[in-house]
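In: Provide a 3D model corresponding to the input given below.
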Amino acid sequence: MDSDCGVDDSLALSFVARSTGCVLAGVTTTWGNCTAEEAAANASFVLSLATSDDVPVVAGSMPESSWQRGSAHGRDGLGDTEQPRKPWSGPVGAPEKIVQFAQENAGNAELLCIGPLTNLATALALEPNLPQQLRHVVVMAGHGDKRNDWLHTVGDTNTRHDPLAAQLVAESELAITWVGIDVTRQVLLDEGDFGTDVLGRTLRRIHDSYGAQRGAAYGYDPQVEWKVPAHDGVTAACLVNELTAKLTTFSGRMAVQGDTSGPVLRFVGPGHHRIAVGIDASSVRAMLRSSMRWG
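Out: Got it, this is the predicted structure:
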């Protein structure tokens, strides 16, 4: 998993770590919701709660000079609800770790990318045979073939942070499934979906402010009901078991296009990548709920 471990990333990470449908071989981190080193510390924290301390975490590079920290994920990336993590002192070299993982598991390796595509684009430059080694890559980015006022307003965050990397990945021969916010927006969790163990209670706190901020855009009043979008968790569910998620796709090519809300990945014509069209929201919600209420 390659992640800028923020609020909804924590949900995706705990879901994959607890899933019986795959083996989480490692986590690499990039910048976006926070710095790559902060994301690494966050990922290690979440893995410890999910009793997956043995999963290796490797941090990526420093952010682009133009990067500005947003408010949605808090100052620390996890909603500022938990005790501060210690500064990252673990391994760095995320792109190299992706290459190593692909080479050691050639033909079986799958990669979930739920942050800016900086690490994957660099890995492609380091290893031209990466498309033959990675069996499948699932990416949270883009707007598919849809255009509407809502998408224009929310933008395409992972692409906006590093549009050059996004374009390089879109032009690659990787076997990619693009899952955009037009699809992931369908799943909203409520507080009853989070379990009562330490992980569930912690995830519920981490998501609190994020959910409140998203109310107006997603059609709920946070003063009346507790809800939160599950974007990265939805994308993870599409990798772990796309049949249960009832993922539907079409084949095409994505490219970065300019927009007043920032660069956006959109369908532009025929191609070999898979572009998500829809999911069964209730099935995906049940998948996520089951992982948080596990044990």
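
In: what ranges do the helices span in the chain?
Out: 7-18, 36-49, 94-104, 118-126, 130-133, 149-154, 157-161, 163-170, 181-184, 198-213, 215-218, 231-240, 242-245, 281-292 (DSSP state H).

In: Make CSV out of those and add mean neighbour count and distance to residue 57.
Out: For the C-beta atoms, the positions are set from N, CA and C on the backbone; glycine is no exception. Formatted as CSV, those follow (neighbours: other CB atoms under 10 Å; distance: least, CB to CB, whole Å):
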stretch, mean neighbour count, distance to residue 57
helix 7-18, 27, 10
helix 36-49, 24, 5
helix 94-104, 21, 9
helix 118-126, 22, 13
helix 130-133, 18, 21
helix 149-154, 13, 29
helix 157-161, 25, 20
helix 163-170, 22, 21
helix 181-184, 24, 24
helix 198-213, 20, 17
helix 215-218, 14, 31
helix 231-240, 28, 16
helix 242-245, 17, 26
helix 281-292, 20, 19
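
In: Tell me which of those lies nearest to residue 251.
Out: Taking CB to CB, helix 163-170 is the member of those nearest to residue 251, at 13.8 Å.

In: Now do that closest one: which elements does it pack against?
Out: When contacts are defined as 3 or more CB pairs under 8 Å, 6 or more residues apart in numbering; DSSP states H and E, helix 163-170 packs onto helix 118-126, strand 248-257, strand 264-278.

In: So which bits of stretch 182-194 are buried?
Out: 182-189, 193-194 (16 or more other CB atoms under 10 Å).

In: Now intersect the residues you listed with the strands, please.
Out: Among those, the members falling in strands (DSSP state E) are 188-189.

In: Which single one of the buried residues of stretch 182-194 is nearest to residue 58?
Out: residue 184 (25.7 Å).

In: tell me the contacts of that closest one?
Out: Residues in contact with residue 184 (CB atoms under 8 Å, 6 or more residues apart in numbering) are 140, 229-232, 234-235.

In: and the spatially most central residue of the chain, what pLDDT?
Out: With distances taken as CA atoms, centre = their mean, residue 114 lies nearest the centre of the chain, 2.1 Å away. On pLDDT, residue 114 comes in at 98.

In: Quick check: most distant residue from the centroid of this structure.
Out: Outermost residue of the chain (CA atoms, centre = their mean): residue 224, 28.2 Å.

In: Residue 188 versus that one, what's the distance?
Out: Going from residue 224 to residue 188 by CB to CB, to the nearest Å gives 14 Å.

In: Pull up the per-residue confidence for residue 294.
Out: You'll see residue 294 listed with a pLDDT of 57.

In: same deal with residue 70?
Out: 85.

In: and it, how far is that from residue 213?
Out: For residue 70 relative to residue 213 (CB to CB), the value is 10 Å.

In: Buried deepest among the helices and strands packed on helix 163-170, which one?
Out: helix 118-126 (a mean of 22; mean count of other CB atoms under 10 Å).

In: Let me know the average pLDDT across it.
Out: 98.

In: now the residue nearest to residue 240 when sequence neighbours are not counted: how far from residue 266?
Out: Leaving aside its sequence neighbours, residue 240 sits nearest to residue 21 (CB to CB, 6 or more residues apart in numbering; 4.4 Å). Residue 21 sits 30 Å away from residue 266, taking CB to CB as the criterion.

In: With residue 45 instead?
Out: Per CB to CB, residue 45 is found 35 Å from residue 266.

In: likewise residue 41?
Out: With distances taken as CB to CB, residue 41 is found 34 Å from residue 266.

In: Then residue 100?
Out: Residue 100 is 33 Å from residue 266, by CB to CB.

In: Measure how far the helix or strand of the chain with the lowest mean pLDDT is from the centre of its chain, please.
Out: Scoring the helices and strands of the chain by mean pLDDT, DSSP states H and E places helix 149-154 at the bottom, with a mean of 89. A distance of 19 Å separates the centroid of the chain from that of helix 149-154, by CA atoms, centre = their mean, to the nearest Å.

In: Over to stretch 253-263?
Out: Using CA atoms, centre = their mean, the offset of stretch 253-263 from its chain centre is 19 Å.

In: before we move on, the earlier item: for the helices of the chain, which has the smallest mean pLDDT value?
Out: Note on the helices of the chain: helix 149-154 shows the lowest mean pLDDT, a mean of 89.
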